[in-house]
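Colleague: Quick one, fold the following:
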Amino acid sequence: MVGISRSLKLNELTDCHQRIRRVVQLINNHRLELVTMSKLSQADSLEISKMVTTLNSRLSTIALGQIDEILTDLQQPRKRIEIVTDKLNAAVKKLEELNEFIKILASLVDLAGKIFSPVSGGLVKIAGVLDGLEKLSA
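Modeller: Residues are numbered from 1 along each chain as shown. As a prediction, the model looks like this:
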């Protein structure tokens, strides 16, 4: 039975489980009716109970197969989520690197503007250049 549950898909396992469960219920109901009407001996009732126990054991095996199928079905989306997450993390890193590059470029442009500015001179120009260098080193 274990081999069978491994070769069936989830919907097939579910269908088997439901059908066997219905059969077990029917057998139990009918057995109880026959015992109540004294049409079934205790020995026969016990024998039928053993068969029902075997069927219930098969139901457990099928249920384990269903769980395995569900876990297998969940693995594929999990892998895809991990791949997408990795790609998104790489994209974020690239954006952070680009943002850092833009900050450095802006600081260089600002520094160049202060160096080549014809308006400021002397100490004011030196202070502006020092401010620009501080921004680059930040």
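Colleague: chain center to the longest helix along the chain: distance?
Modeller: Longest helix in the chain, counting residues (DSSP state H): helix 42-116. Relative to its parent chain, helix 42-116 has a centroid offset of 3 Å by CA atoms, centre = their mean, to the nearest Å.
Colleague: Now do it, average pLDDT.
Modeller: The pLDDT scores in helix 42-116 average 83.
Colleague: go on, stretch 22-39?
Modeller: Across stretch 22-39, the per-residue pLDDT values average to 92.
Colleague: And that stretch, what's buried?
Modeller: For stretch 22-39, a neighbour-count test (16 or more other CB atoms under 10 Å) marks 24, 31 as buried. Heads up, the C-betas are built off the backbone N, CA and C, glycines and all.
Colleague: I'd like the distance from that stretch to the chain centre, please.
Modeller: 44 Å.
Colleague: what's it in contact with?
Modeller: With contacts defined as CB atoms under 8 Å, 6 or more residues apart in numbering, stretch 22-39 is touched by 40, 42, 45, 48-49, 51-52, 55-56, 59.
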